[in-house]
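In: this one's structure only:
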């Protein structure tokens, strides 16, 4: 197909090169401004669902709470183990004197 287009373009090598660049640009513009905007609502890229409303249980074996603190964990999963108000270390991290 590309060979057929190359043979059909006029004006020798400079014309063929210019014509192929113009054809590629026209095809790119057609895709960018007409085809892609038309197809965007038909594609599922913006159909994102976050959460557990789908009925699928997330994280771990069935029946186990994924937010539960496991034995040996001193902090809850979302708890920060240091103060965000000051630069002082957590009392448990100070060395014994």
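Out: Okay, I see it. Values in this document were obtained by computation on a predicted structure and should not be read as measured data. Residues are numbered from 1 along each chain as shown.
In: pLDDT below threshold where in this structure?
Out: 47, 49, 51-83, 89-97 (pLDDT under 70).
In: list the buried ones in the lengthiest helix in it?
Out: Identified as the longest helix of the chain according to DSSP state H is helix 12-30. Buried residues in helix 12-30, counted by 16 or more other CB atoms under 10 Å: 16, 19. Quick note: C-beta positions are derived from backbone N, CA and C, even for glycine.
In: can you list contacts of that helix?
Out: Residues outside helix 12-30 that contact it (CB atoms under 8 Å, 6 or more residues apart in numbering): 5-6, 9-11.
In: which of the residues you listed sits closest to residue 44?
Out: residue 5 (34.4 Å; CB to CB).
In: ok now do that closest one, which residues does it touch?
Out: Contacts of residue 5 (CB under 8 Å, 6+ apart): 20, 23.
In: okay, and it sits in which element?
Out: helix 2-8 (DSSP states H and E).
In: show the subsequent helix or strand relative to the longest helix of the chain.
Out: Following helix 12-30 in sequence, per DSSP H and E, is helix 36-39.
In: could you check how far residue 40 is from residue 27?
Out: 18 Å (CB to CB, to the nearest Å).
In: over to residue 38?
Out: 15 Å.
In: just the buried ones from the contacts of helix 12-30?
Out: residue 9.
In: rebuild the contacts of helix 12-30 as CSV, extending it with distance to residue 50.
Out: Below are the contacts of helix 12-30 laid out as CSV (distance: CB to CB, whole Å):
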residue, distance to residue 50
5, 47
6, 50
9, 51
10, 56
11, 56
